[in-house]
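In: give me a 3D structure for the following:
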Amino acid sequence: MDAAYAEDVTRTFPLSPPGRHRLVKAAETPRSATKPLDAKRAAGAAHAAAVTWAGDLHDLKGATILLVDDILTSGSTLQHVALRLRAYGAADVRGLVLARVPWSG
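Out: Below is the predicted model of the structure:
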């Protein structure tokens, strides 16, 4: 992240400043690993409810946001956080995940 921040000297693609996260989870939330789909959805909603925007809310107005997550299980957390950012005023929220848990059936 630090390298990407330093490379964007034009600020064409603004990133969170190094060491200053924009999304902050203020409380512990239930883990969704090994849980059934309904529990995963509930955990995703709880996670989104615990997340707050630590930056200036004016930065979100009309912005396109890229959410990066380490692993996708059901997609519920990404979906609920995206809905929250849209409610804050983001015009578009996209997701990028590094890995996906295989469907178990």
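In: so where is the chain shaky, pLDDT-wise?
Out: The model of the chain has pLDDT under 70 over residues 1-20, 104-105.
In: just give me the residue closest to the centre of it.
Out: Closest residue to the average C-alpha location of the chain: Leu67 at 4.3 Å, with C-alpha atoms, centre = their mean.
In: quick one: contacts for that residue?
Out: Counting by C-beta atoms under 8 Å, 6 or more residues apart in numbering, Leu67 makes contact with Leu78, Val81, Ala82, Leu85, Val93, Arg94, Gly95, Leu96. Bear in mind the C-beta positions are built from the backbone N, C-alpha and C, glycine included.
In: confirm it sits in a strand?
Out: Yes. Under DSSP: H, G, I helix; E, B strand; the rest coil, Leu67 falls within a strand.
In: one step back: hmm, which two among the contacts of Leu67 are most spread apart?
Out: Distance extremes for the contacts of Leu67: the farthest pair is Leu85 and Leu96 at 14.2 Å, using C-beta to C-beta.
In: of those two, which one has the most company?
Out: A count of neighbours by other C-beta atoms under 10 Å puts Leu85 above the other of Leu85 and Leu96, at 22 against 10.
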